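Student: structure for this input, please:
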Amino acid sequence: MKFFDRTEEIASLREIREMAKNNAQFTVVTGRRRIGKTSLIWKAYDDAPILYFFVARKAESDLCEDYRLEIENKLGIPTIGRAEHFADMFEFLMKLSIERPVTLFIDEFQDFFRVNKSVYSDMQRIWDIYSPKAHMNLIVCGSIYSMMTKIFKDKKEPLYNRQTRFMTVRPFTPSVLKEILSEYHPGHTSEDFLALYSFTGGVAKYVQLLVDAGATSKERMLEQIVKADSIFLGEGKSILIEEFGKDYGIYFSILSAIARGKTSRSEIESVVGREIGGYLTKLENEYEIIAKKQPLFEKSSTKNVRYTIEDNFFTFWFRFIYKYSYMLEIENYESLKTIINRDYETFSGLMLERYFRRVLINRQAYTRIGGWWDRKGENEIDIVAENELDNQATFFEVKREAGNIDIEVLKQKASAFLRATGELKGYDISYKGLSMDDM
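Tutor: Numbers count the residues shown, from 1 in each chain. Predicted coordinates for the structure are as follows:
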C-alpha cells in the first residue's frame, strides 16, 4: 500500500527541522503500536540524511557499535571509536551539531529502560549543557505509550518536560479510509467500508495488511483476519501484555467485559468478581485504552457513567478473538467466523455510531458532541450535536438500515432530554437519521 495522508504531521516535522537550524529541537512522537509512527518520520525526512538509532534489546556496547557505523555511513565522518555507553555517542552528536545541523531519530526509545536506565539522566545532562548552542533535530519515538508518557510527563523522571514538541499520531480519519478503499477497491459497498473501519479503526498497519492481501471486501477481510497464520489473532496480547505487565489478566477481563456490552462499573465488577476502581483509572488515564462516558450535560462527575474501549480493533479483538480463543486453540476458524457473522450486525451498528460521531467531529461544525441516556434506561439518543455560536442543535438517530429510523420516536426522546437537562432553551432544534446509506 502506498503512503496516505499525514500531511499536517509531515509539515510539522519539516518545520521543526528548519527551526533546529537556529535552536535545538527535541520532538517526542507517540501513538499506539502499528499506527505508523516510524513510517511517518521516514516520509517526512526522505529528502535529506537522517541518523536512525533503533533501541534493540541487547547490550549497550553492541548498540553503540551499531550507532557508530550508522554515523560513519550516513555522515561520512570518523567517530570517537568504539564506545561502551550511549551517553558518549549522544554527547559526540550534540557537540557535532554545534558546527552543523544534525537530525537524529531514536526509535523504540522506551527500551533504554531495559538496556540502561541511566541513559535518560545522561541525556538530560548532555541536552542541558549543549542544546543552547546546538543545531540538533532530535526525534524520539516509542510504541509503549504508557512508558513514553511516563518518561516525559512524570515530574520524577529526568527528561520531564525536556521535549519541545509532543506529537501524537492518530488513526486515519474516515475520509482517508474512504480514499484508501476507493483506490484499491473502486466498487466497494458501504458494508465493505464499515467493515474496514470496524476491524481496523484506521490503524495504518492493519489497513495495509488487508489492502496488500487484496482483502478489500467485508468477506475477504474476515477471511484474512481469521485464519491460521493471521497476525491479527495474537495482536491484542502482543501489544497489551507489554503495556500491562504481570497484571494483564485482570485488565484483559475488564476489557473483555466492556467489549461484550458490560459498560457500567457494577456490571464489569460482577463479571470480573473483584473491585476494579484502580484498574479502570489506569486504563483511562495511564494507558488511554478506555474512556469514561457520561450523558451530555450530566452535572455529577460520578453518576450515570459508561466505559467504552476507544480503539476499534481492541473492541473487535476482545469481543471475538479473546472471548472465543478456545476455538482458535483447536484451530476451529470456521466456527469463529460463523459467530462473528452472526453477531456482526450488532457489533457493526455500534461501530457505525462511532463512525458518524468521528465524521461530525472532523467536520468542525459543532462546539459540543456527545450521547445522552437517562438514568432509568428508558430513553437514549445516539448523538446530540450543539453549536452554541449560532444556537443550533441536532439530534441524530443512527441505524444500519435507513428503514429502521423513526424520527417521531427520536423527537420523543429529544423531548425527554430537554425536560431532564433544561439545556438548549431557545435553540433551533433539528432531527436527522443516519444510516449506511449516508456513509
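Student: do you know how far residue 268 is from residue 320?
Tutor: According to Cβ to Cβ, to the nearest Å, residue 268 stands 19 Å off from residue 320. All C-beta spots, glycine's among them, are computed from the backbone N, C-alpha and C.
Student: wait, isn't residue 406 in contact with residue 397?
Tutor: Yes - counting by Cβ atoms under 8 Å, residue 406 does reach residue 397; the two are 7.4 Å apart.
Student: out of these two, which sits in the more crowded spot?
Tutor: residue 397 (23 against 12; other Cβ atoms under 10 Å).
Student: next, the more buried one: secondary structure please.
Tutor: With DSSP: H, G, I helix; E, B strand; the rest coil as the basis, residue 397 sits in strand.
Student: how about the nearest residue to it, chain neighbours excluded?
Tutor: Once flanking residues are discounted, residue 397 sits nearest to residue 410: 4.6 Å by Cβ to Cβ, 6 or more residues apart in numbering.
Student: how many residues are close by the one you found?
Tutor: 18.
Student: now the strands for the stretch 51-200 of the chain?
Tutor: 51-54, 102-107, 136-141, 165-168 (DSSP state E, counting those that start in this stretch).
Student: and the stretch 301-439 of the chain, by the same measure?
Tutor: Here the stretch 301-439 of the chain has its strands, by DSSP E, counting those that start in this stretch, at 306-309, 368-373, 380-387, 392-398, 428-434.
Student: what comes up buried for the third one?
Tutor: Neighbour counts over strand 380-387 (16 or more other Cβ atoms under 10 Å) mark 381, 382, 383, 384, 385, 386, 387 as buried.
Student: how about the residues you listed, which pair is most distant?
Tutor: Spatial extent of these (Cβ to Cβ) is set by the pair 382 and 387 at 17.8 Å.
Student: what's the neighbour count on residue 355?
Tutor: The burial count for residue 355: 24, using other Cβ under 10 Å.
Student: can you pull the pLDDT of it?
Tutor: For residue 355, the pLDDT comes out at 97.
Student: OK, contacts around the residue nearest to residue 397?
Tutor: 381, 395, 397, 431, 433 (Cβ atoms under 8 Å, 6 or more residues apart in numbering).
Student: now do the same for it: its pLDDT.
Tutor: For residue 410, the predicted pLDDT is 97.
Student: any idea how far it is from residue 137?
Tutor: From residue 410 to residue 137 the distance is 53 Å (Cβ to Cβ).
Student: please report phi then psi for the closest residue to residue 121 other than its chain neighbours.
Tutor: With Cβ to Cβ, 6+ apart as the measure, residue 158 is the residue that lies nearest to residue 121, at 4.1 Å, once sequence neighbours are left out. Per-residue torsions, residue 158: phi -60, psi -30 (degrees, to the nearest 10).
Student: what about residue 158, how many neighbours?
Tutor: Number of residues near residue 158 (other Cβ under 10 Å) recorded here: 18.
Student: check contacts around it.
Tutor: Going by Cβ under 8 Å, 6+ apart, residue 158 touches 120, 121, 123, 124.
Student: surely the first one touches residue 156?
Tutor: To tie it back to what came earlier, the one meant is residue 120. No - under the criterion of Cβ under 8 Å, residue 120 makes no contact with residue 156, lying 11.2 Å away.
Student: report the rounded mean pLDDT for stretch 316-335.
Tutor: 96.
Student: for that stretch, how far is the first residue from the last?
Tutor: One end of stretch 316-335 to the other measures 16 Å (Cα to Cα, to the nearest Å).
Student: and it, what's buried?
Tutor: By 16+ other Cβ under 10 Å, the buried positions in stretch 316-335 come out as 316, 317, 318, 319, 320, 321, 322, 324, 327, 328, 333.
Student: also stretch 98-105?
Tutor: So for stretch 98-105, counting by 16+ other Cβ under 10 Å, buried means 101, 102, 103, 104, 105.
Student: neighbours of the closest residue in space to residue 345 that isn't next to it in sequence, how many?
Tutor: Once flanking residues are discounted, residue 345 sits nearest to residue 400: 6.5 Å by Cβ to Cβ, 6+ apart. Residues lying near residue 400 (other Cβ under 10 Å) number 19.
Student: does residue 400 touch residue 352 like I think?
Tutor: Yes - in this structure, residue 400 is within contact of residue 352 by Cβ under 8 Å, at 6.1 Å.
Student: list residues touching both of these two?
Tutor: Joint contacts of residue 400 and residue 352 (Cβ under 8 Å, 6+ apart) are 435, 436.
Student: just the helices from the stretch 51-200 of the chain, written as ranges.
Tutor: With DSSP state H, counting those that start in this stretch as the criterion, the stretch 51-200 of the chain has helices at 60-75, 86-99, 112-115, 118-130, 145-153, 174-184, 190-200.
Student: pLDDT score for residue 81?
Tutor: 76.
Student: tabulate the strands of the stretch 301-439 of the chain (JSON lines), appending mean pLDDT.
Tutor: Formatted as JSON lines, the strands of the stretch 301-439 of the chain follow (pLDDT from 0 to 100):
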{"stretch": "strand 306-309", "mean pLDDT": "96"}
{"stretch": "strand 368-373", "mean pLDDT": "96"}
{"stretch": "strand 380-387", "mean pLDDT": "97"}
{"stretch": "strand 392-398", "mean pLDDT": "98"}
{"stretch": "strand 428-434", "mean pLDDT": "98"}
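Student: mind putting the ones you listed in CSV, distance to residue 66 included?
Tutor: Formatted as CSV, the strands of the stretch 301-439 of the chain follow (distance: least, Cβ to Cβ, whole Å):
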stretch, distance to residue 66
strand 306-309, 38
strand 368-373, 47
strand 380-387, 51
strand 392-398, 51
strand 428-434, 52
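Student: mind giving me the packing neighbours of the longest helix seen in the chain?
Tutor: Determined from DSSP state H, the single longest helix within the chain is helix 333-363. Where contact means 3 or more Cβ pairs under 8 Å, 6 or more residues apart in numbering; DSSP states H and E, helix 333-363 is packed against helix 174-184, helix 190-200, helix 218-225, helix 312-316, helix 325-329, strand 368-373, strand 380-387, strand 392-398.
Student: buried residues in the second one?
Tutor: Taking 16+ other Cβ under 10 Å as the basis for neighbour counts, the residues of helix 190-200 that come out buried are 191, 192, 193, 194, 195, 196, 197, 198, 199, 200.
Student: contacts for it?
Tutor: Helix 190-200 has contacts (Cβ under 8 Å, 6+ apart) with 171, 174, 177-178, 181, 185, 206-207, 210, 216-218, 221-222, 225, 312-313, 316, 347-348, 351-352, 355, 436-437, 439.
Student: what is the end-to-end distance of stretch 76-91?
Tutor: Terminal residues of stretch 76-91 lie 18 Å apart, using Cα to Cα.
Student: no wait, stretch 276-294
Tutor: With Cα to Cα as the measure, stretch 276-294 spans 19 Å from end to end.
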